[in-house]
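> sequence first, then the predicted structure, then my questions.
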Amino acid sequence: MKAMMMKEYMKLEIVDIPIPEIRENEVLVKIKVASVCGSDIHGMNGNSKRRQPPIIMGHEASGVIEEVGKDVAGFAVGDRVTFDSTVYCGECGYCKSQQINLCDHRMVLGASTGEYRRHGAYAEYISIPAHILYKLDDAISFEDAAMVEPMSVALHAIHLLPPVKDGCLVLFGTGTIALFAVQLLKLQDFNNVVVVGRNHKNLQLAKELGADLIVDSTQEDPTTAVMNYTKQVGADLAYDAAGAQSTFDSAIHCLRKGGHFVTIANLTPEFTIDMLSLITRQLTIHGSCASNGENEEILTWLKEGKIRTDYVISAKISLEEAPEYLLRIHHKEIPEFQKLLILPEGTGPEKSEQSF
Ligand SMILES: [Zn+2]
Ligand SMILES: [Zn+2]
């Protein structure tokens, strides 16, 4: 099969390798659509230490089952599927207490650390343990299905916050996860969602998707804007999908006393914290890791047509085009980039026009 292998940091190559052999509890999936995650783009230079070459990256995808291991129940050849990115053991204390994202033996598809290597979805085929598979309803397209994983990540962070529907939630960032989060918050009846960002076009998009107030932080101080919006009380909740020191600071300062802050973004690996604010205003900070079964809810909303994904798709390309493309995104040669979809079977003449 063809696969995009990262042979060294910053060196991606299309290689011809054997189709993966599956174990008794696994299935072989023919990839239809793989969605490129920002963590792969950022991880290519070795900074994250979780993409140690050689590795086939990619943990957001959909496809069709081609082969089924002998111990697999409930799935058959020809099933349309997507899958979670976390391979969990099912046996440790965390798994047994329904926190599979915190599994002691957690492996991530398309990632390689010092301890494990698990090839991912930037390839024609992938082997997947059956316990992380999700069957797709006919109403769900392969493209939408390839983005169930990042949408689940966006939803998991919301689930970590206490429910305060009539309170105010401030969302920092306007990237893919942030825009998914806007839709998910509105689906759960959050009535006062303030989105803070620096990209005018994406802020407008956030507004279209239901944001109650947008704040351009290049024009306006986010804390002042949130204080005015909440009649000087402050927001109940903050959600950081941007991951910069400045958004972290703003999040802490625009919260009301007793407020909660969740973060999923670590563009900057270390932050300084205003400890006086944190302690005297009794704030709670939550880190949010991957997702914990939120995929089911996302698939239900997709089936009901309640979530859009079209607006985040920047381009659709073939596997052969992917190495150069990923490097160009890494070097920020393509501005305003959101989601890149890789279609290993090719993009077809009518689709390739949507490429840059
Ligand atoms: Zn991801
Ligand atoms: Zn476990």
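Happy to help now that I have it. Ligands and ions are numbered 1, 2, ... in the order given.
> and the residue of this structure closest to ligand 1?
Proximity of the chain to ligand 1 (Cβ to the ion) peaks at residue 37, 3.0 Å away. Yep, even glycine has a C-beta here, placed from its N, CA and C like the rest.
> count of residues packed around that residue?
By other Cβ atoms under 10 Å, the residues close to residue 37 number 24.
> can I see the domain layout of this structure?
For the chain, automatic domain parsing gives the domain ranges 2-151+292-352, 161-287.
> contacting residues around the spatially closest residue to the residue of the chain closest to ligand 1 that is not a sequence neighbour?
Nearest non-adjacent residue to residue 37, counting by Cβ to Cβ, 6 or more residues apart in numbering: residue 60, 5.6 Å away. Shown in contact with residue 60 (Cβ atoms under 8 Å, 6 or more residues apart in numbering): 34, 35, 36, 37, 85, 121, 146, 147, 148, 149, 150.
> what does the model give the second one for pLDDT?
On the pLDDT scale, residue 35 is placed at 98.
> that older thread, quick one, phi/psi of the residue of the chain closest to ligand 1?
With angles defined as degrees, to the nearest 10, residue 37 sits at phi -90, psi 140.
> got TSV for the domains of the chain, with distance to ligand 2 too?
Formatted as TSV, the domains of the chain follow (distance: least, Cβ to the ion, whole Å):
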stretch	distance to ligand 2
domain 2-151+292-352	3
domain 161-287	19
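> so what sits opposite residue 240 in the bridge?
Counting by DSSP bridges, residue 240 forms beta bridges with residue 172, residue 263.
> so what's it up against?
172, 173, 247, 248, 251, 261, 262, 263, 264, 265.
> those: which two are farthest apart?
Spatial extent of the contacts of residue 240 (Cβ to Cβ) is set by the pair 173 and 261 at 13.4 Å.
> between these two, who's got more neighbours?
For the pair residue 173 and residue 261, the greater number of neighbours falls to residue 173 (26 against 22), based on other Cβ under 10 Å.
> per-residue confidence at the more buried one?
96.
> which parts of the chain are helices?
38-43, 93-96, 142-145, 148-159, 176-187, 200-208, 222-229, 245-254, 275-280, 295-303, 322-330, 348-352 (DSSP state H).
> got a markdown table for these, with mean neighbour count and mean pLDDT too?
Output for the helices of the chain, formatted as a markdown table (neighbours: other Cβ atoms under 10 Å; pLDDT from 0 to 100):
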| stretch | mean neighbour count | mean pLDDT |
| --- | --- | --- |
| helix 38-43 | 19 | 90 |
| helix 93-96 | 14 | 98 |
| helix 142-145 | 22 | 98 |
| helix 148-159 | 24 | 98 |
| helix 176-187 | 24 | 97 |
| helix 200-208 | 17 | 96 |
| helix 222-229 | 19 | 98 |
| helix 245-254 | 21 | 95 |
| helix 275-280 | 11 | 96 |
| helix 295-303 | 19 | 98 |
| helix 322-330 | 18 | 95 |
| helix 348-352 | 11 | 51 |
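> output those helices as a markdown table; include the columns distance to residue 54.
A markdown table is the format used below for the helices of the chain (distance: least, Cβ to Cβ, whole Å):
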| stretch | distance to residue 54 |
| --- | --- |
| helix 38-43 | 14 |
| helix 93-96 | 29 |
| helix 142-145 | 27 |
| helix 148-159 | 23 |
| helix 176-187 | 27 |
| helix 200-208 | 35 |
| helix 222-229 | 43 |
| helix 245-254 | 34 |
| helix 275-280 | 42 |
| helix 295-303 | 29 |
| helix 322-330 | 14 |
| helix 348-352 | 29 |
